[in-house]
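In: Give me a 3D structure for the following:
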Amino acid sequence: MKQICFVCQNVDCKLRGSEKIMNELADKVAARSLDVEVKSYLCFGGCEEGPNVVIHPQKTWYAGVKMEDLPEILDSLAGGPTVTRLDTIDPALKEITFALLDTGVF
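Out: Presented below is the predicted three-dimensional model:
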C-alpha cells in the first residue's frame with residue numbers, strides 16, 4: 001500500500017527547516033525506490049511541535065523532526081519500526097488530523 005508522507009509547510013515549521021526536510025525526504029525516498037509519495041501540507045495544527053511529518057494511512061506523526069532524524073524515518077517508511085521518540089503530539093490533535101486525512105481531504 002502506497003504511503004503518503006506529508007511535511008508541514010506552514011510558517012512555524014518552515015522557519016524550523018521543514019522545506020529542506022521535505023526535499024531531502026523526497027530525494028532519499030526516490031533513491032531507495034520506496035513506495036512513498038512525499039507531499040507538502042499546509043498545516044497540521046501542531047505548530048509549537050514542528051516541523052511535523054505525518055505518514056498516511058499508517059497514522060504516524062513525527063514532531064520536532066530534524067535532518068538527523070531522516071535515516072530513522074526512512075527506515076520506518078521502508079517497513080521498519082516507527083520512531084517513537086518523535087511521537088509527542090497530543091492524541092486528540094492526532095485523532096482529528098487522521099480523521100480528516102481518512103476522508104481523502106489533502
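In: pretty sure Met67 contacts Glu19?
Out: No. With contact defined as C-beta atoms under 8 Å, Met67 does not count as touching Glu19 (11.8 Å). Using the backbone N, CA and C atoms, a C-beta is placed for each residue, glycine as well.
In: out of these two, which sits in the more crowded spot?
Out: Between Met67 and Glu19, counting by other C-beta atoms under 10 Å, Glu19 is the more crowded of the two (15 against 12).
In: What ranges does the chain have for its helices?
Out: For the chain, applying DSSP state H gives helices covering 11-15, 18-31, 70-77, 91-102.
In: nearest to Phe44, of those?
Out: Nearest to Phe44 among the helices of the chain is helix 91-102; the distance by C-beta to C-beta comes to 5.4 Å.
In: mind checking the end-to-end distance for stretch 75-91?
Out: Stretch 75-91 has an end-to-end distance of 24 Å (criterion: C-alpha to C-alpha, to the nearest Å).
In: quick check: mean pLDDT across that stretch?
Out: Averaged across stretch 75-91, the pLDDT comes to 97.
In: List the buried residues for it?
Out: Ser76, Leu77, Thr82, Val83, Leu86, Ile89 (16 or more other C-beta atoms under 10 Å).
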